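Undergrad: need a 3D model of the sequence below.
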Amino acid sequence: MASAGPAETVPNFLGDGAAPPARKPVARLFGAAVRPDQLTDETPLLQAIRGCGLLVPEYHGQWSAVEWRRGDPWYGNYDAICDFAEKHGQQVRGHSLIWEQMTPDWARDEMLHGKDWNTIERHFATLLPRYAGRIREWIVVNEMIDTEHGDHGFRRTSFQRAYGNDYVRRALETARVLDPQAKLMINDYSLLYDNPVDEARRNQMLRLVERIKASGTPLDMVGLQGHLELRKGRISQPKVARFMADLAGMGVEVAITELDVLEDDLNRPVEERDARVAQAAQDLLDVVANQKAVSSVVTWGLSDKQSWLQDRLPVTKAAQACSPIDCGAMNRGLPFDGEMRAKPMHAALQRAVSMV
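TA: Numbers count the residues shown, from 1 in each chain. Now for the predicted structure:
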């Protein structure tokens, strides 16, 4: 198995596994999605999290995690992540204010029956003023594009049905009023590969950003979800570079928001699998290295054991549960394996950091 030593000596993005070094101002942040329960006990995973410059709540910052019952918000997840980040000199990104998949049922009902924008304003007011100055970036709208089954390129969500295709612009304007200093972002997936679907989605994103900027609506960043899939082949670096440059030309920063790699064949030797995963990440990082508009790269987790990708491959459920962990039976799409041993993908990220 290709690894980088025992779990007790975990390298991080910016250091050698000890306490992270004093941070210097850099043009690009590297970080990871985290869960509040990962920030409590001293573990190799916690050590790696300390080496990140940017923390993003995985699913724990979504509307349904904050206000499952109307009028009864709970801030424990965001508070825990913000407190940890401030202690260790890290930044936090809010993720996300609007996302269909984690919208509480009461909010859907209220929006669809009343079609009152006050539902959105009240939700935003629950979070943005409270964390002003602590959370400096917010994904305002997550996953709004659908060029196959949508309405003029917009995904048919509760928000789209209640407020029409203009809801993205209105959400950005509402967020700006409630936190004038925060950077505001929209974020979507399937934007990186050379196939008709991704090509159409890239074009739709460019049209959307163009309309938003032309209207004077505040938009500071565009997030490109880096969920890579080996079955799709390698990304087209020239097309991705052109896409990022086009976004930059419209005056927005670009963020790689959810980098991980879904494998296509768990029967290959582990060393070969890890090399293929690392190459997929490297292809994207090579483009990032030449795009000044890219301000951050965030992996969607750090350890394979906690990766959401295990849900995509049922065989890996047993690998997560057994002891010792069967790391070879897991999807190996993050920088560290299930025992927190660094893999070639981690080395690719470290090289990218060194080029900042």
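
Undergrad: surely residue 337 and residue 303 touch.
TA: Yes - the criterion here is Cβ atoms under 8 Å, and residue 337 meets it with residue 303 at 7.1 Å. Yep, even glycine has a C-beta here, placed from its N, CA and C like the rest.

Undergrad: from residue 337, how far out is residue 277?
TA: Using Cβ to Cβ, to the nearest Å, one obtains 11 Å as the distance from residue 277 to residue 337.

Undergrad: what's the answer for residue 72, then?
TA: Plainly put, residue 72 is 40 Å away from residue 337 if you go by Cβ to Cβ.

Undergrad: how about residue 325?
TA: From residue 325 over to residue 337 the distance is 8 Å, taken as Cβ to Cβ.

Undergrad: what about the helices in the stretch 251-356 of the chain?
TA: Along the stretch 251-356 of the chain, the stretches classed as helices by DSSP state H, counting those that start in this stretch are 270-289, 316-321, 344-354.

Undergrad: figure out which of those helices is closest to residue 246.
TA: Go through the helices of the stretch 251-356 of the chain one by one with Cβ to Cβ and the one that ends up closest to residue 246 is helix 270-289, at 13.2 Å.

Undergrad: re the thing from before, dump the helices of the stretch 251-356 of the chain to CSV, plus mean neighbour count, distance to residue 309 and mean pLDDT.
TA: Shown next, in CSV, are those (neighbours: other Cβ atoms under 10 Å; distance: least, Cβ to Cβ, whole Å; pLDDT from 0 to 100):
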stretch, mean neighbour count, distance to residue 309, mean pLDDT
helix 270-289, 20, 11, 97
helix 316-321, 16, 8, 63
helix 344-354, 19, 13, 91
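
Undergrad: nearest to residue 333, of these?
TA: Residue 333 lies closest, by Cβ to Cβ, to one member of the helices of the stretch 251-356 of the chain: helix 270-289, at 5.7 Å.

Undergrad: against which helices or strands is that closest one packed?
TA: Contact analysis of helix 270-289 by 3 or more Cβ pairs under 8 Å, 6 or more residues apart in numbering; DSSP states H and E lists strand 227-229, helix 237-249, strand 253-262, strand 294-299, helix 344-354 as its packing neighbours.

Undergrad: could I get it in PDB with only the CA atoms?
TA: C-alpha atoms of helix 270-289 as PDB (Å, rounded to 0.1, in the frame of the first residue of the first chain):
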ATOM      1  CA  VAL A 270      -4.100   0.100  -4.400                       C
ATOM      2  CA  GLU A 271      -0.900   1.800  -5.700                       C
ATOM      3  CA  GLU A 272      -2.400   2.100  -9.200                       C
ATOM      4  CA  ARG A 273      -5.700   3.400  -7.800                       C
ATOM      5  CA  ASP A 274      -3.900   6.000  -5.700                       C
ATOM      6  CA  ALA A 275      -1.900   7.100  -8.700                       C
ATOM      7  CA  ARG A 276      -5.000   7.600 -10.800                       C
ATOM      8  CA  VAL A 277      -6.800   9.500  -8.100                       C
ATOM      9  CA  ALA A 278      -3.700  11.800  -7.600                       C
ATOM     10  CA  GLN A 279      -3.500  12.300 -11.400                       C
ATOM     11  CA  ALA A 280      -7.100  13.400 -11.600                       C
ATOM     12  CA  ALA A 281      -6.500  15.900  -8.800                       C
ATOM     13  CA  GLN A 282      -3.300  17.100 -10.300                       C
ATOM     14  CA  ASP A 283      -5.000  17.700 -13.700                       C
ATOM     15  CA  LEU A 284      -7.200  20.200 -11.900                       C
ATOM     16  CA  LEU A 285      -4.500  21.700  -9.700                       C
ATOM     17  CA  ASP A 286      -2.300  22.300 -12.700                       C
ATOM     18  CA  VAL A 287      -5.100  24.500 -14.200                       C
ATOM     19  CA  VAL A 288      -5.600  26.200 -10.800                       C
ATOM     20  CA  ALA A 289      -1.800  27.000 -10.600                       C
END
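
Undergrad: surely residue 55 and residue 94 touch.
TA: No - contact between residue 55 and residue 94 fails when scored by Cβ under 8 Å: they sit 10.7 Å apart.

Undergrad: circling back: give me the common contacts of residue 277 and residue 337.
TA: Overlap of the contact sets of residue 277 and residue 337 (by Cβ atoms under 8 Å, 6 or more residues apart in numbering) consists of residue 343.

Undergrad: now do the same contact list for residue 324.
TA: Under the criterion of Cβ under 8 Å, 6+ apart, the contact list for residue 324 reads residue 339.

Undergrad: can you rerun that using 7 Å?
TA: In this structure, residue 324 makes contact with no residue, judged by Cβ atoms under 7 Å, 6 or more residues apart in numbering.

Undergrad: quick check: it vs residue 244, distance?
TA: From residue 324 over to residue 244 (counting by Cβ to Cβ), the distance is 41 Å.

Undergrad: give me the low-pLDDT residue ranges for the stretch 1-150 of the chain?
TA: Filtered on pLDDT under 70, the stretch 1-150 of the chain yields the residue ranges 1-27.
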